[in-house]
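[1] fold the stuff below for me.
(one chain, ligands or ions: 1)
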Amino acid sequence: MADQTPAPAIEVRDLTKSFRVNGRDVHALNGVSLAVGHAETLGIVGESGSGKSTLGRIVVGLETMSSGEILHEGTAISGVGRAERNARLAKCQMIFQDPYASLNPRMTIGRQIHETLRAHGSRQLAHNLATAAVLLERVGLPQDAAGRYPHEFSGGQRQRIAIARAISTGPSVIVADEAVSALDVSIREQILDLMAELKGTTSYLFISHDMAAVAKFCDRIAVMHKGRLVEQGTTRQIISAPQDPYTQSLLEAVPRIGRRR
Ligand SMILES: Nc1ncnc2c1ncn2[C@@H]1O[C@H](COP(=O)(O)OP(=O)(O)OP(=O)(O)O)[C@@H](O)[C@H]1O
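    Now for the predicted structure:
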């Protein structure tokens, strides 16, 4: 009988990435393989420079890989045509640490959501503009937010806008790169709750230095060190019984989490 297990929402196989910096190669990723299931939340942790953002940027198509393979729903994107590749990448969105930097200061919020939809091939303008208002309401902003500009909003509101824009294409995967790190604690909780509401339909790669947020938000955790994946497992396994010394040292640095061990 054929295998009925659904393919992961996203899978990377043996991913490498080198940057040429001042005449020498920086190996940001060294053979990373991982998969994120449907509606699953995978935390990516590791010290600064371990390759987390590079991995996330490659997954959403903002960066090219040096070698390896990326599969969407079991289909290698290297093997499909440009139109299908774009359609598949539209299903992978990213939320950044600094929403202000990722929003255009001279464009209304509604227009930016519309542009995102247009860039991903949606041509129904009137429908898109109506969608913008609905999306903004869904993330807890007033509908008239669509006609306003980024500087009119607080940091937490701007992150809600970034989330509205990210979910506008109906993504199956969201890469959240330090998405709540810059926010005050109470706002951070609200944004995490908002992201959690989308968990049923969306898979997350949740990149963060904040182990407490990762432990709360993620089903599984992957630990990166110097461009390699050193350990991955369920959140419970990683938090309560880390196997790799590097993971242990990361957790030791977070007393509240470390004490649970
Ligand atoms: N565009 C680039 N050009 C050159 N080197 C880069 C570039 N992007 C990343 N790197 C290098 O690749 C390595 C991995 O960087 P990356 O930003 O992926 O790590 P990170 O784990 O996300 O770090 P942080 O937690 O500080 O964001 C680092 O050595 C970094 O300097």
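
[2] pLDDT below threshold where in the stretch 151-261 of the chain?
    Scanning the stretch 151-261 of the chain for pLDDT under 70 picks out the ranges 255-261.

[3] 90 - rerun?
    Scanning the stretch 151-261 of the chain for pLDDT under 90 picks out the ranges 155-156, 159, 164-171, 180-191, 193-194, 197-201, 210-213, 250, 252-261.

[4] could you check how far residue 200 is from residue 225?
    32 Å (CB to CB, to the nearest Å). Every C-beta, even on glycine, is put in place using the N, C-alpha and C of the backbone.

[5] and the two? Which one has more around it.
    Higher neighbour count among residue 200 and residue 225: residue 225, with 20 against 8, using other CB atoms under 10 Å.

[6] check which helix or strand covers the residue nearest to that one when sequence neighbours are not counted.
    In space, and not counting its chain neighbours, residue 225 is closest to residue 246: 4.8 Å by CB to CB, 6 or more residues apart in numbering. Secondary structure from DSSP states H and E places residue 246 in helix 245-252.

[7] is that helix up against the ligand anywhere?
    No - for helix 245-252, no contact with the ligand is found by CB under 6 Å from any ligand atom; the gap never falls below 12.2 Å.

[8] enumerate the residues of this protein near the ligand.
    Proximity of the chain to the ligand, by CB under 6 Å from any ligand atom, involves residues 19, 21, 26, 28, 46, 48, 49, 50, 51, 52, 53, 54.

[9] one more time with 8 Å, if that's ok
    For the chain, the contact set with the ligand under CB under 8 Å from any ligand atom comprises 17, 19-21, 26, 28-29, 46-57, 63, 177-178, 207, 209, 224, 227.

[10] show me which of those residues are buried.
    The neighbour count (16 or more other CB atoms under 10 Å) marks 17, 28-29, 46, 50-57, 63, 177-178, 207, 209, 224, 227 as buried among the residues of the chain next to the ligand.

[11] let me see the contact set for residue 107.
    Residue 107 sits next to 115, 149 when contact means CB atoms under 8 Å, 6 or more residues apart in numbering.

[12] shaky segments in the stretch 1-150 of the chain?
    Scanning the stretch 1-150 of the chain with the threshold set as pLDDT under 90 gives 1-6, 78-79, 83, 86-91, 97-103, 111-140, 142-144.

[13] in it, which spans are helices?
    52-59, 82-90, 99-102, 109-119, 125-138 (DSSP state H, counting those that start in this stretch).

[14] please identify the most buried of these.
    helix 52-59 (a mean of 23; mean count of other CB atoms under 10 Å).

[15] and the contacts of that one?
    By CB under 8 Å, 6+ apart, helix 52-59 touches 10, 12, 15, 17, 28-29, 32, 44-46, 63-65, 70, 92, 94, 173, 175, 177, 205, 207, 224.

[16] swap in 7 Å and give it another go.
    10, 12, 15, 17, 28-29, 32, 44, 46, 63, 65, 70, 92, 94, 175, 177, 205, 207, 224 (CB atoms under 7 Å, 6 or more residues apart in numbering).

[17] before we move on, what about stretch 21-36?
    8-19, 42, 51, 54-55, 173, 203, 205, 222, 227-229, 232.

[18] and the nearest residue to residue 181 once chain neighbours are set aside, what does it touch?
    Leaving aside its chain neighbours, residue 181 sits nearest to residue 97 (5.4 Å; criterion: CB to CB, 6+ apart). Shown in contact with residue 97 (CB under 7 Å, 6+ apart): 177, 178, 179, 181, 182.
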